[in-house]
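>>> Next come a sequence and a model predicted from it.
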Amino acid sequence: MAHPRIEIINESTILDDSDVKPVVPSLQTQVRRDFALPWGANAKLVFLPKKSNPSPASWWIGIFDDSHQAGVLGYHDITAKGLPLGKVFARTDKQLGCEWTVTLSHELLEMLGNPSSNLFVQHQSNKGFLYPYEVCDACEPDKFGYKIDSVLVSDFVYPAWFEHFHKKGSTRFDHCKLTVRPFQVLPGGSIYTFDVRTHRINAQRKPKHVRPRNDSERRDTEFRAINGVRAPSNGNNVMNSEV
């Protein structure tokens, strides 16, 4: 199977192309060297400078300035054509003291781990609740990331993190070896569950810097936000015709 082509599109006014382009090789290394083996998912990353036209057959990650929701640093969803789409908000990152490269890495890996945002797992001891396959949320704070060359990227969990039967310390649960048991959330990380009986989404950790999720809003959009919170949004003002 051919690996997807993921185009990283710079639409930010605070980042020059010269800021974004050098980051892409480090992200490519993360995907191929670190992520592909445990998750079986690889990709070819391509940088697109400002005012470029993205390919309609590619996956997209756009880098913009400002989020329309307080504290939302990025999210991933799917387009109307069913292709994964990610958005990163660089100025919001900087305003909240976060690295935009970590947000970019986070959304990239979660797109690869759950391309259609529809993969869940049921915890054996918490029946009736589904945990989304979001590979960076539990360890998302910048302080848990790691550097490739000089670029700070996100830590991510391994498949074993979603497998309840593993005993504490029995295997590797995340890339940086910071979690020691399934479903463990590091300080500042987050985890959401979907209650199949009530159709409600529940946050394990109290949201900060973001408004609560409304039941009427889409449940399949995942976000990275300050203090480990994800939040729904209508996105920014570019590429919305494809969402």
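Great, that's in hand.

>>> Could you report the neighbour count for residue 29?
16 (other CB atoms under 10 Å). For glycine as for every other residue, the C-beta is placed from the backbone atoms N, C-alpha and C.

>>> Likewise for the one 4 residues further on?
Neighbour count of residue 33, defined by other CB under 10 Å: 10.

>>> show me the residues around it that make contact.
Counting by CB atoms under 8 Å, 6 or more residues apart in numbering, residue 33 makes contact with nothing.

>>> Would you agree it falls within a helix?
Yes. Using DSSP: H, G, I helix; E, B strand; the rest coil, the assignment for residue 33 is a helix.

>>> Quick check: closest non-adjacent residue to the most centrally placed residue in the chain.
Nearest to the geometric centre of the chain sits residue 107, at 2.9 Å (CA atoms, centre = their mean). In space, and not counting its chain neighbours, residue 107 is closest to residue 86: 3.9 Å by CB to CB, 6 or more residues apart in numbering.

>>> Over to residue 149?
Residue nearest to residue 149 in three dimensions, not counting chain neighbours: residue 26, with 5.1 Å by CB to CB, 6+ apart.

>>> which residues touch that neighbour?
Contacts of residue 26 were listed using CB under 8 Å, 6+ apart, and they are 101, 148-151, 153.

>>> Can you tell me which of the residues you listed lies closest to residue 116?
Closest approach between the contacts of residue 26 and residue 116, by CB to CB: residue 153, at 23.5 Å.

>>> Which other helices and strands does the longest helix along the chain contact?
Identified as the longest helix of the chain according to DSSP state H is helix 100-113. Applying 3 or more CB pairs under 8 Å, 6 or more residues apart in numbering; DSSP states H and E, we find helix 100-113 packed against strand 5-10, helix 23-29, strand 59-64, strand 72-78, strand 84-89, helix 90-95, strand 151-153, strand 222-225.
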